[in-house]
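[1] Sequence and computational prediction follow.
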2 protein chains.
Amino acid sequence: MGRPKQFDPETAVEQAMQVFWRKGYGDTTPQDLVDALGIGKGSLYHAFGSKHGLFELSLRHYRDTQAKALTDLLAEGEGTVKERLRKGLELLVEMDLADPDRRGCLAVNTATGLPRADETASGLVRGMFARTEDAFRALVEEGKRSGEIAPDRDAAAVGSLLLNTVVGLRVTARVADGPDGMRRTIQAVLDLL
Amino acid sequence: MGRPKQFDPETAVEQAMQVFWRKGYGDTTPQDLVDALGIGKGSLYHAFGSKHGLFELSLRHYRDTQAKALTDLLAEGEGTVKERLRKGLELLVEMDLADPDRRGCLAVNTATGLPRADETASGLVRGMFARTEDAFRALVEEGKRSGEIAPDRDAAAVGSLLLNTVVGLRVTARVADGPDGMRRTIQAVLDLL
DNA sequence: CCTCTTCTTGACCCGAAAGTACAAAACCCT
DNA sequence: AGGGTTTTGTACTTTCGGGTCAAGAAGAGG
């Protein structure tokens, strides 16, 4: 009962996420959000409570779409483990560098941009990192079973390394002036495996 | 001629760097700087022109102290190459996690926090990354010469990987709830070498 | 000692960030 | 149609960010 919303909250969160991703939390103003969502400021605060509340929803949405896309890609891809790994990493780099805004990864940007007190946001980031690390670990284990990866490798350790590699790459994507360094990084990690 | 400065500009830049490092560029206010440097706002703007100008000096100072400390450690350490590598990475992680503010690395934080237009800052970050990468590459080459590292390794590629690893670790240091994941990452990278 | 220059201080300024208030509007139910 | 409920739009408020300015203090040179 009562007047129905004139906008779709999920769409709004998606749009908000795009703004936060492009500009960062601190540099995003309520006016930016109002412009992007196409609703009044009153509606915005009525529906989402605060800029930070909307940011939290945006982070969750990022986790359920972007971060999930990577773990799915790793889990469901076709081809050998190493091929999937190479495809996944190369796709990531290409997308990051093709982005005219060079947004990188919202989770990574949040990790380094957080005010020290934001336990909610850092918890969400930790969660995304943990899931991705786990997807890598699972992939490594599959590689060990299939014989592609030496059986004496510690899958958990290599998973950590691969997550860490992705995080590093997505920082670099924000400032790199070309793909060479990042390609070399991928090359090295695949060679060493 | 003229009235002499009542403060040492170099000390002031050092103090400003600490503030930017702890709070980030965007969250640092002129008032924060005034408080930290112990001078009036007028003096601050008279001496440094703008918040951004002071930030630029702070970044350069970071490069010449913190970033240099790492490259020096890699270049001048004692012991085998792998021992130096291990020491360097472990020291980094310990320092990052021991820091109550979890500031991570100013260059990394700047990379992910810059507004898209700040070419000056991103150039400085690129420069620091390049120097560090080169220090790693040189270390790998030394390892190849000494026989510690297989001669068919591409030193430049491994250098990229090591820089990337450090960048990733310093992001993780901002949100990690313990040293385990980071230690696993170091373990994996050393094992693979 | 007078002047010229360079620093220092604190008051002041303007715009904007984040959020609030509240009346009007749009719906549901009976 | 009327009452209860939720949403909307706009105006408003408060605080603060980033910066400027005028007036004076502290030196150097003549």
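    Noted; the coordinates are in hand. Numbering: from 1, shown residues only, chains lettered A, B, ... in the order given.
[2] just checking, what packs against the biggest helix by length in chain A?
    Among the segments of chain A that qualify as a helix by DSSP state H, the longest is helix A:119-146. Helices and strands touching helix A:119-146, by 3 or more CB pairs under 8 Å, 6 or more residues apart in numbering or on different chains; DSSP states H and E, are helix A:51-62, helix A:68-76, helix A:81-98, helix A:106-113, helix A:155-175, helix B:155-175. Quick note: C-beta positions are derived from backbone N, CA and C, even for glycine.
[3] possible to save those as JSON lines with mean pLDDT?
    Shown next, in JSON lines, are the helices and strands packed on helix A:119-146 (pLDDT from 0 to 100):
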{"stretch": "helix A:51-62", "mean pLDDT": "98"}
{"stretch": "helix A:68-76", "mean pLDDT": "94"}
{"stretch": "helix A:81-98", "mean pLDDT": "96"}
{"stretch": "helix A:106-113", "mean pLDDT": "98"}
{"stretch": "helix A:155-175", "mean pLDDT": "98"}
{"stretch": "helix B:155-175", "mean pLDDT": "98"}
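[4] May I see these arranged in JSON lines, with distance to DNA strand C and mean neighbour count as well?
    Shown next, in JSON lines, are those (distance: least, CB to the nearest atom of the strand, whole Å; neighbours: other CB atoms under 10 Å in any protein chain shown):
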{"stretch": "helix A:51-62", "distance to DNA strand C": "4", "mean neighbour count": "20"}
{"stretch": "helix A:68-76", "distance to DNA strand C": "28", "mean neighbour count": "15"}
{"stretch": "helix A:81-98", "distance to DNA strand C": "26", "mean neighbour count": "17"}
{"stretch": "helix A:106-113", "distance to DNA strand C": "13", "mean neighbour count": "26"}
{"stretch": "helix A:155-175", "distance to DNA strand C": "22", "mean neighbour count": "25"}
{"stretch": "helix B:155-175", "distance to DNA strand C": "21", "mean neighbour count": "25"}
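[5] For these, give me TSV that also has distance to A:V189.
    Formatted as TSV, those follow (distance: least, CB to CB, whole Å):
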stretch	distance to A:V189
helix A:51-62	25
helix A:68-76	14
helix A:81-98	8
helix A:106-113	18
helix A:155-175	6
helix B:155-175	6
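[6] nearest to B:G24, of those?
    helix A:106-113 (6.4 Å; CB to CB).
[7] Could you confirm whether any residue of the closest one contacts chain B?
    Yes - under the criterion of CB under 8 Å from any CB of the partner chain, chain B is reached by helix A:106-113 at A:108-109, A:111-113.
[8] if we can go back for a sec, can you say which of the helices and strands packed on helix A:119-146 is nearest to B:L37?
    helix A:106-113 (24.0 Å).
[9] who's in contact with the closest one?
    By CB atoms under 8 Å, 6 or more residues apart in numbering or on different chains, the residues outside helix A:106-113 that reach it are A:17, A:20-21, A:24-26, A:58-59, A:62-63, A:66-67, A:103, A:121-122, A:124-125, A:128-129, A:167, A:170-171, A:174, B:24, B:26, B:104, B:108-109, B:111-113, B:171-172, B:174-175.
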